[in-house]
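In: sequence first, predicted coordinates after that:
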Amino acid sequence: MKPSVAADIDPDAAATYTRNLGTDCLTADLSDDAAIEEVINRAGEQPPFMIVGGPPCQGFSTAGPRSAQDPRNRLIFNYLSLVERLSPRWFLFENVEGILTSNGGSDVTRLARELAQLGYAFRLEKVNFAGFGLPQTRKRVIIVGNRIGRDFALPPAFCSYDSGKSKSHRGLPPSPTLLAALSDLPEPSTSERRLSYDPRLQPSSYACSLRSMTGDVAHHFAPVQSEAAKIAPFLKPGQTMKDLPDDLQHDSWRRRANRRVADGTPTERRGGAPAGFKRLSGDLNSLTITSAAPREFIHPLADRPLTLRECARLQAFPDSFEFTGKAVSVARQIGNAIPPLAAKVLAEAIMAEDGRAGGGMAQARSVQPGLLGFHLTDAGGMSPALAHTAAQLQNLMHHGVALPLFRVAANG
């Protein structure tokens, strides 16, 4: 099943989509009324099978400032206008885990209420994509729903994982380690050019599934003058910039280390300082790949940062997948993406569930619209903020959706 309509505000991301999928991607800001109308016109008269969306998430992200006034947060609710107008059979919504506690949990609760009011039965879960076989721990909030009245379950994890920071051991086969994912790639160049695989380097089964049939790769370079390359010799696997010798610490790093506690909030309540430069451990899963990974994540064995291609590998992009734009744009596209492997697992589960429904809309509904269930953490306990969100969602399930329908405007 090939996507019929795609849209992104980033022209480089739109060009990358067209380049690799062979179908047009509209460059548009979906907070704009005209852009919404353009997407609806391109979708045609028949309701689509599914709408997939990952609205901008930086306003919710725990990696940076979080603000209820961030205009990017409003785009999440603009996503609802497309669901309401196009009435897809299924929808899939993906976002960072910070959405669960943003605005005291009211944002995600409001989102759930609106989806129920639009006639969808859905589940909300925080998922670590490493459980799907990704070689990085990557926590994301997934909301999946349908308007055909089907109760369903999201696909369960089939791999254990351990990145040092996040781990889950349930007697399941392990997801690939960082080195298993990367060790067959050739030595990177110092500037952008295509490189051929080294026949002496044997790929793991994960790497083999991503290798290019042409036998070469792009985006695999590491400039020797980068700041990370200068720092790399002083860091052992698992160490961060706080482990550097005193003579390598300078004011800009100290300011960064104090960024989250500058307002006087105790460190233990803010998650501590950002790690900055960090040498990854080759025998573990990678930490979450973000747009900063090619600047800050140091290879476990080589004294250099990860290349763009290595980041793409850890995100499960095939080596044949080529990105458009300058390095900073490519890094952003890779870090913002839903890993193709995770998307495949979710899509196959949805297709299988829809097949069990027998097709069409005439079958009897097994459930009414609303939140069918939610899973917010695998930990034994919850933070007070997350517990507050859980209470709101539980209350929504208990009392249903009797509140008046809020009509979503295209401009948020």
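Out: Received the coordinates, thanks.
In: every contact and neighbour count from this point should use C-alpha atoms.
Out: Fine.
In: ok, Ser106 - how many residues close by?
Out: The tally of other residues near Ser106 (other CA atoms under 10 Å) stands at 17.
In: repeat that for His399.
Out: His399 is flanked by 9 other residues according to other CA under 10 Å.
In: please apply the same query to Phe234.
Out: Using other CA under 10 Å, the number of residues around Phe234 comes to 16.
In: report the buried residues of whatever helix or strand Ala342 lives in.
Out: In the assignment (DSSP states H and E), Ala342 maps to helix 340-356. Of the residues in helix 340-356, those scored as buried under the neighbour-count criterion (16 or more other CA atoms under 10 Å) are 341-343, 345-347, 349-350, 353-354.
In: which among those residues gets closest to Thr177?
Out: Distance ranking of these against Thr177, using CA to CA, places Leu341 first at 15.4 Å.
In: let me see the contact set for the closest one.
Out: Residues touching Leu341, when contacts are defined by CA atoms under 8 Å, 6 or more residues apart in numbering, comprise 132-134, 315-317.
In: between the residues you listed, which has the most around it?
Out: Using other CA under 10 Å as the neighbour test, the contacts of Leu341 are led by Leu134, with 29 neighbours.
In: follow-up on the earlier one: redo the contacts of Leu341 as JSON lines? Include pLDDT and distance to Arg42.
Out: Supplementary listing: those in JSON lines, determined by pLDDT from 0 to 100; distance: CA to CA, whole Å:
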{"residue": "Phe132", "pLDDT": "98", "distance to Arg42": "33"}
{"residue": "Gly133", "pLDDT": "98", "distance to Arg42": "35"}
{"residue": "Leu134", "pLDDT": "98", "distance to Arg42": "33"}
{"residue": "Gln315", "pLDDT": "98", "distance to Arg42": "30"}
{"residue": "Ala316", "pLDDT": "98", "distance to Arg42": "29"}
{"residue": "Phe317", "pLDDT": "98", "distance to Arg42": "27"}
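In: lowest average confidence, helix or strand, in this structure?
Out: Ranked by mean pLDDT, DSSP states H and E, the weakest helix or strand in the chain is helix 251-257, scoring a mean of 61.
In: could you pull up the mean pLDDT of the helix or strand just after the helix holding Ala342?
Out: Next along the chain after helix 340-356, taking DSSP H and E as the criterion, comes strand 370-375. For strand 370-375, mean pLDDT is 96.
In: SS state for Leu201?
Out: Three-state assignment for Leu201 (DSSP: H, G, I helix; E, B strand; the rest coil): coil.
In: and the pLDDT at the residue nearest to it when sequence neighbours are not counted?
Out: Spatial nearest neighbour of Leu201, excluding adjacent residues (CA to CA, 6 or more residues apart in numbering): Asp184 at 4.9 Å. At Asp184, the predicted lDDT confidence score is 97.
In: which ones are touching Asp184?
Out: With contacts taken as CA under 8 Å, 6+ apart, Asp184 has the following neighbours: 197-198, 201-204, 207.
In: out of those, which end up buried?
Out: Listed as buried from the contacts of Asp184 are 197, 203, 207; burial here means 16+ other CA under 10 Å.
In: which parts of stretch 4-18 are buried?
Out: For stretch 4-18, burial by neighbour count (16+ other CA under 10 Å) applies to 5-8, 11-18.
In: strands paired with the helix or strand hosting Tyr161, and their directions?
Out: Assessed by DSSP H and E, Tyr161 sits inside strand 161-162. Paired with strand 161-162 in the same sheet, following DSSP bridges, are strand 167-168 (antiparallel).
In: so what touches the strand it pairs with?
Out: Outside strand 167-168, the residues that touch it by CA under 8 Å, 6+ apart are 160-162.
In: okay, now the unreliable bits of the stretch 1-150 of the chain?
Out: Within the stretch 1-150 of the chain, the stretches with pLDDT under 70 are 56-74.
In: okay, which residue is most central for this structure?
Out: With the centre of the chain defined as its mean C-alpha position, the nearest residue by CA atoms, centre = their mean is Ile338, 4.5 Å away.
In: surely Asp243 meets Ala232?
Out: No: using CA atoms under 8 Å, Asp243 is not in contact with Ala232; the gap is 11.5 Å.
In: ok, these two, which is more surrounded?
Out: Applying other CA under 10 Å to Asp243 and Ala232 shows that Ala232 carries more neighbours, namely 26 against 14.
In: any idea of the pLDDT on that one?
Out: 91.
In: list the contacts of it.
Out: Taking CA under 8 Å, 6+ apart as the contact definition, Ala232 lies against 279, 298, 303-305.
In: for stretch 215-235, buried residues please.
Out: Burial within stretch 215-235, assessed by neighbour count using 16+ other CA under 10 Å, is assigned to 216-223, 228-229, 231-232, 234-235.
In: what's the residue of the chain positioned farthest from its centre sitting at in phi/psi?
Out: Relative to the centre of the chain, and counting by CA atoms, centre = their mean, the farthest-placed residue is Asp247 at 36.7 Å. With angles defined as degrees, to the nearest 10, Asp247 shows backbone torsions of phi -70, psi -10.
In: for stretch 388-397, buried residues please.
Out: Burial within stretch 388-397, assessed by neighbour count using 16+ other CA under 10 Å, is assigned to 388-390, 392-394, 396-397.
In: which two of the residues you listed have the greatest separation?
Out: The two members of the buried residues of stretch 388-397 with the most space between them (CA to CA) are His388 and Met397, at 14.5 Å.
In: is it fair to say Glu125 lies in a strand?
Out: Yes: Glu125: assigned to a strand according to three-state DSSP.
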